[in-house]
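In: here you go, sequence then predicted model.
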Amino acid sequence: MKLAIIDYNAGNVRSVLFAMDRLGINAVLTKNPEEIMSADKVIFPGVGEASTTMAYLKDHRLDEMIRGLKQPVLGICLGMQLLCDHSEENDTDCLGIIPQHVVRFRPKKGEKVPHMGWNSIQQLSNGVFDPSLENEFVYFVHSYYVEMGPYTTAVTNYTKPFSSAVQKDNFYATQFHPEKSGKVGEKILRNFINI
């Protein structure tokens, strides 16, 4: 099996590469469209800022390539947000693959942004989840979130319930970082690999 991790100067690509190595998966970190399109599975990771990243993807013609992928694709954190229609982060039009919106946390008194640390996932459906993962804890670090909608496959509560995972067709995505979520994250990554 060939797994490609899209390389676009995101902050967490190395940790995703190491996570794949721990699972015994030979992954390639690449921005070469032909290499990505020929992979059996693709991971679209991300730590960064939406508008700068979208500009980079467009400059390198990776935006259209990502939209055209037919194999299973896993977006992580910013990668999940960029799969959506629009982000409030610098008023950014995203890839438009998943018709949901990305908004900023508006914390009440005593609540901090970014949402950082361990939190649980609930209301799991399809995608990269199985029933044993209900209420398990995974690692988050983000200031923006995907609103609840028809493509939500996991829910987490921080200031309000939000989509901690989404799926549409062959595109799967998690707001949390499975590569930093211990055994639970490894199981989710393995579930993706086994799709």
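Out: Right, received. Where do you want to start? It should be emphasised that the depicted structure is a prediction, and the values quoted were computed from it without experimental measurement. Numbers count the residues shown, from 1 in each chain.
In: regarding the protein, what is its longest strand?
Out: Counting residues, the longest strand in the chain under DSSP state E turns out to be strand 160-168.
In: what is the mean pLDDT for it?
Out: Strand 160-168 shows a mean pLDDT of 97.
In: so residue 20 sits against residue 189, correct?
Out: Yes: with contact defined as C-beta atoms under 8 Å, residue 20 counts as touching residue 189 (7.5 Å). The way it works is simple: take the backbone N, C-alpha and C, and place the C-beta from them, glycine included.
In: check the offset of the lowest-mean-pLDDT helix or strand in the chain from the chain's centre.
Out: Least confident element among the helices and strands of the chain, by mean pLDDT, DSSP states H and E: helix 13-22 (a mean of 91). Put simply, helix 13-22 sits 15 Å off its chain's centre (C-alpha atoms, centre = their mean, to the nearest Å).
In: also stretch 121-140?
Out: The answer for stretch 121-140 is 14 Å, by C-alpha atoms, centre = their mean.
In: re earlier: ok, residue 20 and residue 189, which is more surrounded?
Out: In this view residue 20 and residue 189 are compared by other C-beta atoms under 10 Å, and residue 189 has more residues nearby, 24 against 21.
In: distance of the more buried one from residue 179?
Out: Going from residue 189 to residue 179 by C-beta to C-beta, to the nearest Å gives 7 Å.
In: shared neighbours, those two?
Out: Common contacts of residue 189 and residue 179 (C-beta atoms under 8 Å, 6 or more residues apart in numbering): residue 19.
In: now stretch 180-191: average pLDDT?
Out: Rounded mean pLDDT across stretch 180-191 is 97.
In: just the CA atoms of it, as PDB, please.
Out: The C-alpha trace of stretch 180-191 is given here as PDB (Å, rounded to 0.1, in the frame of the first residue of the first chain):
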ATOM      1  CA  LYS A 180      -0.700  12.900  19.000                       C
ATOM      2  CA  SER A 181      -3.600  11.000  20.600                       C
ATOM      3  CA  GLY A 182      -1.800   7.900  21.800                       C
ATOM      4  CA  LYS A 183      -3.400   4.400  21.400                       C
ATOM      5  CA  VAL A 184      -6.800   5.900  20.500                       C
ATOM      6  CA  GLY A 185      -5.200   8.000  17.800                       C
ATOM      7  CA  GLU A 186      -3.300   5.000  16.500                       C
ATOM      8  CA  LYS A 187      -6.500   3.000  16.300                       C
ATOM      9  CA  ILE A 188      -8.200   5.800  14.300                       C
ATOM     10  CA  LEU A 189      -5.200   6.000  11.900                       C
ATOM     11  CA  ARG A 190      -5.300   2.200  11.500                       C
ATOM     12  CA  ASN A 191      -9.100   2.400  10.800                       C
END
